[in-house]
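Participant: Provided below for reference: sequence and predicted model.
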Amino acid sequence: DSGAAGSVIIGIESNGEVSLLQPNMILTRCRFTSSLGIKIGTSATNCVIHQNFIANGQVKCSVSGSYAPGTQITNNILGYSGSNSEPVISYLTEGYIAYNTFVYPDRKDFASLTGCTVENNVCVGNQITISGNTMQNNYWPGMRNSSGITLYSDRTTDLTIKNQELSEEIAAAIADKG
C-alpha cells in the first residue's frame, strides 16, 4: 500500500518476517526472533533500520537485483544462525551500514553490496564482499574476505595499542603503590 510510505514502526516484537515495502519507512527499537528477518521491497528507498535487536534473521532486499538504494542500517544487534553461506546483510545499493554489532561467527556479515559505506561495525563473521564499497573503521579480529585474505582493520590495531598502553599504565600505577 503506497499509504505506508514514510511510516514509522517502533517497539514491536515479532517472530515472523517484517517487510518494508515503501520509501522512507523507519523501523526502530524492535525485537525480531524469527530467522525470516527483515525484507526490503522493490519500491523501498531511503528506509531506516535503527536500534533493533535482530536475534536470528537477515536484512536483505526481497528481490535480487533490486537493491533498496539509500537504506540505512545503524545501531542494531544482528544475529543469523542459518546457513553459513547466507550473509546477514545483503543486496543493498548506496546504503549506509554503521555502528552495528554482529553476533554469530563463521558467517558472512555482508554480501552483494554496491556503493555502500560500511563503517564502525563490530563484526565477527569470517567473510565479506568488499569490492565497490567504502569499508572503514570496522572491527573484525582475524577476519578473511571471500578470497581467503585476512583483513585487519585500523580499529584492531588501535585497540591492541590502546590496551597495551593501559596495561603499562596499570602496571606502573601498581608498582608505585607497592
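Facilitator: Looks like it came in fine.
Participant: please report the distance of the closest residue to Thr93 other than its chain neighbours from Val122.
Facilitator: Excluding its sequence neighbours, the residue lying closest to Thr93 (C-beta to C-beta, 6 or more residues apart in numbering) is Tyr67, at 3.4 Å. Bear in mind the C-beta positions are built from the backbone N, C-alpha and C, glycine included. Tyr67 sits at a distance of 24 Å from Val122 (criterion: C-beta to C-beta, to the nearest Å).
Participant: who has more neighbours out of those two?
Facilitator: Neighbours were counted for Tyr67 and for Val122 using other C-beta atoms under 10 Å; Tyr67 has more, 24 against 16.
Participant: quick check, central residue of this protein?
Facilitator: Asn100 (4.8 Å; C-alpha atoms, centre = their mean).
Participant: so who does it touch?
Facilitator: Taking C-beta atoms under 8 Å, 6 or more residues apart in numbering, we find Asn100 in contact with Ile73, Thr74, Asn75, Asn76, Ile77, Leu78, Asn121, Val122.
Participant: about what we covered before: tell me which element the residue nearest to Thr93 is part of?
Facilitator: In the assignment (DSSP states H and E), Tyr67 maps to no helix and no strand.
Participant: so it sits right up against Ser90, yeah?
Facilitator: No - the pair Tyr67 / Ser90 is not scored as a contact, 9.5 Å apart, by C-beta atoms under 8 Å.
Participant: one step back: going through the contacts of Asn100, which ones are buried?
Facilitator: When the contacts of Asn100 are checked for burial by 16 or more other C-beta atoms under 10 Å, the buried set is Ile73, Thr74, Asn75, Asn76, Leu78, Asn121, Val122.
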